[in-house]
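A.B. asks: Make a model of this:
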Amino acid sequence: MNAVAAALDSRVDELLELRSVANAEYFEREAARAARLCHGMAERFARGGRLLAVGSSPQARSDVRHVAVEFVHPVIVGKRALPAIGMTPDAGPLAAQVELLAEPQDIAIGFGEGRADDDLRAAVATARARGCLTVAFAPTGAEWELEPPATDPFVRQELAETMYHLLWELVHVFFEHRGLLAGRETRPHHDAGASSFLYPFLAEQESDLESVVEDVRRSVLMKADETAGLRAQTLVEGRETLLAAAGALRRSFDTGGKTLALGNGGSATDAMDATADFRSAPQGWPARRALDLTEDSAILTALANDIGPEVLFARQVIAHGSPGDTAIAFSTSGNSENIIAALAEARRRGLATIAFVGYGGGRVLAERLADNVVVSRSEHVPRIQEAQASAFHVLRELVELAV
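C.D. replies: Numbers count the residues shown, from 1 in each chain. Next comes the predicted model:
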């Protein structure tokens, strides 16, 4: 191994350790508060409230879209869809949008760097003035500030993602204990059914608030540990793949190539974030040419309506891909038909291909449909997405270190 390769290999270890330490510190510190916040959010949803997600930076935009899609389209079987709206500067100043749409029973969650983000701070202040419960991951004046203990912007974003995933997952616990939500009828017992393997305490007798909050606090810590373990598996097992992918991307960029990012649902927001991190990395790294194939709703809906969802990305690869470019696909299952079609089209056109997948890798890994496949070995979608975020962020840094 030459000196550059050894340095890159060592850097992966350093980046994993940085994340492991921050993850442990953050969730040990915030688990109890997160449990009580879940109860407060459940109270708001039970009264007809909605989640309003706001953010102004390119990276914050992906978190806004991510948290909204998770609440509206729950992937946990049997859990209810909860109303959520994403707001970004595309439609004007955030505070003006909040003033127009927020209701007193709503929940506002802000993404951004806080003190330096006047638009976000104004939006949070407006939400509070309208009676919303307010949450943020940086100093913004929100009632609930869950600021990650890290200076690296990628690590901060990853910890925030895990936290909002946990809020989304665990707010449902309180819907199973009707007597703990104001204005709802107490039920003496709940059969958790298919959800029992995820949340064993749901099948217990109705108990007092403090008992349930304590159960949720322990669940926060358990799930944060799962994230840490899956992140380590992904980065350790995927180390050589990430190094190879970084080299392919750097060679492409250095010769004028671009990357095309794609994914569905929550994975679409990973593509948004990847594109933002290439074009305008918060660390100030050189801007890299990147296209987000999930970005244009007119193109996506036209293709889905007139042809079918399986061509959403392949047709765009045809339009934009050239030999020497790269395609980066995000998929929790590794089996999505439109991802598979896009990777096949990318190969036909001479693009290098990189895939981040979950479960056992799905067809993407089994059929070797991408040149470099990073696998997060879990069947729990939120944990997969969290590990994939870390893996991509590590890849993004390695691109700048590769020569």
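A.B. asks: And the next helix or strand past the longest helix anywhere in the chain?
C.D. replies: Criterion DSSP state H: the longest helix present in the chain is helix 3-46. Later in the chain than helix 3-46, the nearest helix or strand by DSSP states H and E is strand 51-55.
A.B. asks: Contacts for the helix or strand that comes right after that next one, please.
C.D. replies: Proceeding N to C from strand 51-55, the next assigned helix or strand is helix 58-72, under DSSP H and E. With contact meaning CB atoms under 8 Å, 6 or more residues apart in numbering, helix 58-72 is reached by 51, 53-55, 81-88, 109, 111-112, 120, 153, 157, 160-161, 164-165, 168, 265-266, 268-270, 272-273, 275-277, 279-280, 282, 382. Glycine gets a C-beta too; all of them are placed from N, C-alpha and C.
A.B. asks: now swap in stretch 84-92 and tell me
C.D. replies: 50-56, 60-61, 64-65, 67-72, 94, 97-98, 101, 119, 123.
A.B. asks: Kindly report the same for stretch 237-251.
C.D. replies: So stretch 237-251 is in contact with 5, 8-9, 12, 235, 257, 259, 326, 352, 354, 371-375, 377, 391, 394-395, 398-399, 401-403, going by CB under 8 Å, 6+ apart.
A.B. asks: pLDDT averaged over that stretch - what is it?
C.D. replies: The predicted model assigns stretch 237-251 a mean pLDDT of 97.
A.B. asks: Flag every buried residue along that stretch.
C.D. replies: By 16 or more other CB atoms under 10 Å, the buried positions in stretch 237-251 come out as 238-239, 241-243, 245-250.
A.B. asks: List every C-alpha atom in it, with coordinates, as PDB.
C.D. replies: Extracted C-alpha coordinates of stretch 237-251, given in PDB (Å, rounded to 0.1, in the frame of the first residue of the first chain):
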ATOM      1  CA  GLU A 237     -16.800  -3.800   5.500                       C
ATOM      2  CA  GLY A 238     -17.200  -1.200   2.800                       C
ATOM      3  CA  ARG A 239     -13.800   0.500   3.300                       C
ATOM      4  CA  GLU A 240     -12.100  -0.900   0.100                       C
ATOM      5  CA  THR A 241     -15.300  -0.200  -1.900                       C
ATOM      6  CA  LEU A 242     -15.400   3.400  -0.700                       C
ATOM      7  CA  LEU A 243     -11.700   3.900  -1.500                       C
ATOM      8  CA  ALA A 244     -12.300   2.600  -5.000                       C
ATOM      9  CA  ALA A 245     -15.400   4.700  -5.500                       C
ATOM     10  CA  ALA A 246     -13.600   7.800  -4.300                       C
ATOM     11  CA  GLY A 247     -10.900   7.100  -6.800                       C
ATOM     12  CA  ALA A 248     -13.400   6.700  -9.700                       C
ATOM     13  CA  LEU A 249     -15.200   9.900  -8.800                       C
ATOM     14  CA  ARG A 250     -12.000  11.900  -8.500                       C
ATOM     15  CA  ARG A 251     -10.800  10.700 -11.900                       C
END
